[in-house]
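Chemist: Pasting the sequence and the predicted model now:
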Amino acid sequence: MTLPDYPFVLTILCVSSLVGCAMLWYGSKDLRVAYRILTNDPTDVMSLGDGTPVEVEGVAHAEQGAITSPFTGTECLAYEYEVQEEESTQHGRNWRTIDSSRNHIPFRVEDKTASALVDPRGADFRFNAERSIDVRGGKRPPERIRRFIAENKDVDSEERSLDLKLFELNTGKDRKYIEKRLDPGEPVYTLGEARYDSSAGSEAGEVNIVIGHGESVPRFLVSDTSERGAAWRLARGGLPYALGGTVLLAIASVLLLETI
């Protein structure tokens, strides 16, 4: 038997191979970074050097003030938010993201030796603590969310209903307003590039180093956890894709063996 005799099998084999390779490559990116984290120890802040890739584990502190999270009004150093809306499909109900964004300010990471400035621009945030405010369709959201909707052209009001005289029918869709934050005083882990900056440390216990994005690191990572916690979050995200890609490539290999 040869492959050209079986066009359908050949199509399945090609699709499985292509999708499997893509999934394996995508998942392995997170797994490689997780492996790097686990096989290298965090560096003491006082030992940071210019232009080097570093891992630092400590506590997050404000550098100058704080920002306010959109849904809970909490003062924080960085946040991500997501608005999900329930929709009905032929396969049942699921949640669709209708808006998402993030915001951040420079902050300091402090360990037992000193503190360094972190510039979070371009960072891959891996925040674990998720705060979700659920609002039923047609119901009045909390004040902060109403203000958020009024200022955001991408999110319309869900407080909609249809007056049927005998009763009022809620027509708005259920939503989840989700935010993840890095708060002052929380544990923080960062993988980035250290670079010298004479203005980065002006007080006692501060070093003249900024940790940020750089070409010497595979990914600039900021996570509200320890070193092992950050590695686990990366592995947890990449492992399903790597396993799925491996399964598809195994299927393609079996088909190839059976058709030649």
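Modeler: Yep, it's here. Residues are numbered from 1 along each chain as shown.

Chemist: Which parts of the stretch 151-260 of the chain are strands?
Modeler: 161-163, 168-170, 175-182, 187-196, 206-212, 221-223 (DSSP state E, counting those that start in this stretch).

Chemist: Go through the ones you listed and pick out the most buried.
Modeler: Ranked by mean neighbour count, the strands of the stretch 151-260 of the chain are led by strand 221-223 with a mean of 24 (mean count of other CB atoms under 10 Å). In this view, the C-beta of every residue, glycine as well, is placed from N, C-alpha and C.

Chemist: State the number of residues packed around His104.
Modeler: Look at His104: counted by other CB atoms under 10 Å, it has 19 neighbours.

Chemist: Next, give phi and psi for it.
Modeler: When read as degrees, to the nearest 10, the backbone of His104 gives phi -160, psi 160.

Chemist: which residues touch it?
Modeler: With contact set as CB atoms under 8 Å, 6 or more residues apart in numbering, His104 has these partners: 67, 77-79, 120-121, 123, 125, 182.

Chemist: Bridged to it, which residues?
Modeler: Beta-bridge partners for His104, by DSSP bridges, are Ala78.

Chemist: just to revisit the earlier point, Throw the strands of the stretch 151-260 of the chain into a markdown table and include distance to Glu143 and mean pLDDT, thanks.
Modeler: Shown next, in a markdown table, are these (distance: least, CB to CB, whole Å; pLDDT from 0 to 100):
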| stretch | distance to Glu143 | mean pLDDT |
| --- | --- | --- |
| strand 161-163 | 20 | 51 |
| strand 168-170 | 20 | 52 |
| strand 175-182 | 13 | 94 |
| strand 187-196 | 30 | 95 |
| strand 206-212 | 36 | 94 |
| strand 221-223 | 30 | 95 |
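
Chemist: And those: which comes nearest Gln90?
Modeler: Nearest to Gln90 among the strands of the stretch 151-260 of the chain is strand 175-182 (21.7 Å), distances taken as CB to CB.

Chemist: Can I get that closest one in PDB? Just the C-alpha atoms.
Modeler: Extracted in PDB, the C-alpha atoms of strand 175-182 (Å, rounded to 0.1, in the frame of the first residue of the first chain):
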ATOM      1  CA  ARG A 175     -21.400  38.600  32.600                       C
ATOM      2  CA  LYS A 176     -18.200  38.000  34.700                       C
ATOM      3  CA  TYR A 177     -15.900  41.000  35.500                       C
ATOM      4  CA  ILE A 178     -12.600  39.400  36.300                       C
ATOM      5  CA  GLU A 179      -9.500  41.100  37.500                       C
ATOM      6  CA  LYS A 180      -6.000  39.700  38.600                       C
ATOM      7  CA  ARG A 181      -3.600  41.900  40.500                       C
ATOM      8  CA  LEU A 182      -0.200  42.300  42.000                       C
END
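
Chemist: got the angle for that strand vs strand 187-196?
Modeler: Strand 175-182 runs at 60 degrees relative to strand 187-196, counting by axes from the mean of the first three to the mean of the last three CA atoms, to 10 degrees.

Chemist: Emit the PyMOL select command for whichever of the contacts of His104 are buried.
Modeler: This is the PyMOL syntax for the buried subset of the contacts of His104, where burial follows 16 or more other CB atoms under 10 Å:
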select buried, resi 67+77+78+79+120+123+125+182
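
Chemist: picking up where we left off before, indicate which one of the strands of the stretch 151-260 of the chain is closest to Asn152.
Modeler: Among those, if distance is taken as CB to CB, the winner is strand 175-182, at 11.2 Å.

Chemist: where does the closest one sit relative to the chain's centre, distance-wise?
Modeler: 12 Å (CA atoms, centre = their mean, to the nearest Å).

Chemist: what are the ranges of the helices in the protein?
Modeler: In the chain, the helices defined using DSSP state H lie at 7-38, 143-151, 227-259.

Chemist: got those helices as JSON lines, with mean neighbour count and distance to His213 columns?
Modeler: Listed next are those as JSON lines, based on neighbours: other CB atoms under 10 Å; distance: least, CB to CB, whole Å:
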{"stretch": "helix 7-38", "mean neighbour count": "16", "distance to His213": "14"}
{"stretch": "helix 143-151", "mean neighbour count": "14", "distance to His213": "29"}
{"stretch": "helix 227-259", "mean neighbour count": "17", "distance to His213": "16"}
